[in-house]
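Chemist: Could you look at this predicted model? Sequence included:
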Amino acid sequence: MRTAHSTELQDEPEGSPTDPSRPTPPKPRTTAAAGACGLARQGLTQRTHGPLRCTRVAPEFISQPITPTAGTFDARAMSTGVPGLPAGFAWAGETFAIVELLERWKHTSREGSYAQGDVYLRRHYYRLKMSDGSVWTVYVLRQTPRSGSPKQRWFLLERAGPPPTS
């Protein structure tokens, strides 16, 4: 039996436990990268589909301000105290429309240097599928920092997917 590092392939032992003279067919092999992408769960193996490659792209850290499309905010959400998600954003000289809201969450922190300080809602995060096929993680600040622009509240945290067109 050959056992290898987790990123390499593993072979099944020679011979069958019931009949040592009859070799056991090797177990379908998958790579660690294929397993990470869920290809192994879909039944795809190297034996049936050749070398498997993970097509997921790690998100690119951006951390830049973005400009929401004017006049497209969700007024219903804003009436409940939640920031209204616009229909799109302008970034790097291009305008991108939001195709789908994939996920949302909030970030809170304590005010002051002691643990007993009041808890305040600081940021709302959104994971969005954009018109170019990329997935963006954006956030909006509930309060602008004293040193920042009061109009700049939306930021592109990270981007995954096709490269931006230039």
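Modeler: That came through, no problem.
Chemist: Could I have the CA atoms of the helix or strand encompassing residue 107 written out in PDB?
Modeler: Residue 107 is part of strand 94-110 when elements are defined by DSSP states H and E. The C-alpha trace of strand 94-110 is given here as PDB (Å, rounded to 0.1, in the frame of the first residue of the first chain):
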ATOM      1  CA  GLU A  94     -17.000  50.900 -15.100                       C
ATOM      2  CA  THR A  95     -20.500  50.400 -13.900                       C
ATOM      3  CA  PHE A  96     -21.600  47.000 -12.600                       C
ATOM      4  CA  ALA A  97     -25.200  45.900 -12.000                       C
ATOM      5  CA  ILE A  98     -26.100  43.700  -9.100                       C
ATOM      6  CA  VAL A  99     -27.500  40.400 -10.500                       C
ATOM      7  CA  GLU A 100     -28.100  38.600  -7.200                       C
ATOM      8  CA  LEU A 101     -27.700  39.100  -3.500                       C
ATOM      9  CA  LEU A 102     -25.900  35.900  -2.300                       C
ATOM     10  CA  GLU A 103     -25.400  36.700   1.400                       C
ATOM     11  CA  ARG A 104     -25.600  39.500   4.000                       C
ATOM     12  CA  TRP A 105     -24.200  39.900   7.500                       C
ATOM     13  CA  LYS A 106     -23.500  42.600  10.100                       C
ATOM     14  CA  HIS A 107     -20.400  43.500  12.100                       C
ATOM     15  CA  THR A 108     -20.700  45.000  15.600                       C
ATOM     16  CA  SER A 109     -18.200  46.200  18.100                       C
ATOM     17  CA  ARG A 110     -18.000  47.700  21.600                       C
END
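Chemist: Name the residues of the host helix or strand of residue 156 that are buried.
Modeler: Per DSSP H and E: residue 156 is located in strand 154-160. Buried residues in strand 154-160, counted by 16 or more other CB atoms under 10 Å: 154, 155, 156, 157, 159. C-betas here are computed from N, CA, C, even on glycine.
Chemist: And for stretch 119-133?
Modeler: Of the residues in stretch 119-133, 123, 124, 126, 127, 128, 130, 132 count as buried by neighbour count, 16+ other CB under 10 Å.
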